[in-house]
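Sequence first, predicted coordinates after that:
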Amino acid sequence: MSSAQPEGAYVRVVEPHEYPVAIRILTHAFAHDPAMNWYGSVKELVPAPDEQDYSKTVKRTLKRLYTFQNMLLRGTVLQGGIVTVAVIPNGPNEIIIGVALWLKPGQSWDFPLLVTLRSGILKVLRGWGLNGVRRLSFEFTPAVEKSLDKAFKSRSLERLDSWHLLSLAVDPSHEGKGICGLMMRDGRDIYAHYGFKIDGEHCFGKGSVDADGIAAKGTAATGYPEWIMTKWDYS
């Protein structure tokens, strides 16, 4: 059962000096995400959040994931999107406990080359290698865009006449407090709970990773599913 929402919690636009905190939250919220494991060719699951006990391999995985989340957040800003944060009071200051990346109508997550370069794709390339960037740019992104185009056309709507929730994450230490629950751990069912409908399902990494996105072989290399979801009714 969820505990009460923290008193005084509210949402506002992030300040530039808060980017590192927001990126860290995104990193830890997605540390077990199969897609991120697949992009990064991860071979060892990240354990419970206690950095002092992390192995060198896990620390390297998190560092590379931080680099990617940094690119995603800065790319959103450079594209003209909006980054919002959920905060709670902490004396005269505030603590950031959640992050959302929004693209406005007319904007696509398929960033232009200049935006991609300025947001830090070369650092991601150094961390994840060509395989990771290829999986993200030439396997995942086209599948998402194709599913979204199909969903919008079936309703005679323009794909870019909508807001795009690119990413949503809550600090793992504040999950279950009414911020958005376990949003990233079981995203499909949670988005469905809030009225999102599945428009497409894709299996990525079949033959090379397991259901957690971790490198695998043989029958264990089932690949992992991704769901393309949209929300049409806001009544």
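In hand now; what should we look at?

pretty sure residue 202 belongs to a strand, no?
Yes: assessed by DSSP: H, G, I helix; E, B strand; the rest coil, residue 202 belongs to a strand.

Thought residue 224 was touching it, still the case?
No: contact criterion C-beta atoms under 8 Å: residue 202 and residue 224 do not qualify, at 9.7 Å. Every C-beta, even on glycine, is put in place using the N, C-alpha and C of the backbone.

who's more crowded, those two?
Looking at residue 202 and residue 224 with other C-beta atoms under 10 Å, you find the greater number of neighbours at residue 224, namely 20 against 16.

longest single helix anywhere in this structure?
If you go by DSSP state H, the chain has its longest helix at helix 56-78.

Who are the packing partners of that helix?
Under the contact definition 3 or more C-beta pairs under 8 Å, 6 or more residues apart in numbering; DSSP states H and E, helix 56-78 sits against helix 19-29, helix 34-39, strand 82-90, strand 93-103, helix 113-119, helix 121-134, strand 164-170.

could you dump these to a markdown table with mean neighbour count and distance to residue 152?
Compiled in a markdown table, the helices and strands packed on helix 56-78 are given as follows (neighbours: other C-beta atoms under 10 Å; distance: least, C-beta to C-beta, whole Å):
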| stretch | mean neighbour count | distance to residue 152 |
| --- | --- | --- |
| helix 19-29 | 20 | 27 |
| helix 34-39 | 24 | 23 |
| strand 82-90 | 18 | 21 |
| strand 93-103 | 20 | 14 |
| helix 113-119 | 14 | 23 |
| helix 121-134 | 16 | 27 |
| strand 164-170 | 20 | 11 |
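
Adding distance to residue 75 as columns, could you present the ones you listed in CSV?
Listed next are the helices and strands packed on helix 56-78 as CSV, based on distance: least, C-beta to C-beta, whole Å:
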stretch, distance to residue 75
helix 19-29, 12
helix 34-39, 15
strand 82-90, 11
strand 93-103, 9
helix 113-119, 4
helix 121-134, 8
strand 164-170, 9
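
how much space between the most centrally placed residue in the chain and residue 157?
Residue closest to the mean C-alpha point of the chain, counted by C-alpha atoms, centre = their mean, is residue 167 at 4.3 Å. Noted for residue 167: a distance of 23 Å to residue 157, by C-beta to C-beta, to the nearest Å.

repeat for residue 135
29 Å.

and the two? which has more neighbours close in?
Neighbour count, other C-beta under 10 Å: between residue 135 and residue 157, residue 135 has more, with 21 against 13.

which residue packs closest to the more buried one, ignoring adjacent ones?
Leaving out its chain neighbours, the residue that sits closest to residue 135 by C-beta to C-beta, 6 or more residues apart in numbering is residue 39, at 5.4 Å.

Quick check, the residue nearest to the centre of the chain in contact with residue 75.
No: using C-beta under 8 Å, residue 167 is not in contact with residue 75, being 10.8 Å away.

ok, the closest residue to residue 95 other than its chain neighbours - contacts?
Excluding the flanking residues, the one nearest residue 95 by C-beta to C-beta, 6+ apart is residue 88, at 5.3 Å. Listed by C-beta atoms under 8 Å, 6 or more residues apart in numbering, the contact set of residue 88 reads 6, 7, 8, 9, 94, 95, 97.

Throw those residues into TSV and include pLDDT, thanks.
Shown next, in TSV, are the contacts of residue 88 (pLDDT from 0 to 100):
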residue	pLDDT
6	68
7	75
8	77
9	78
94	91
95	90
97	89
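
Right, I'll leave it there.
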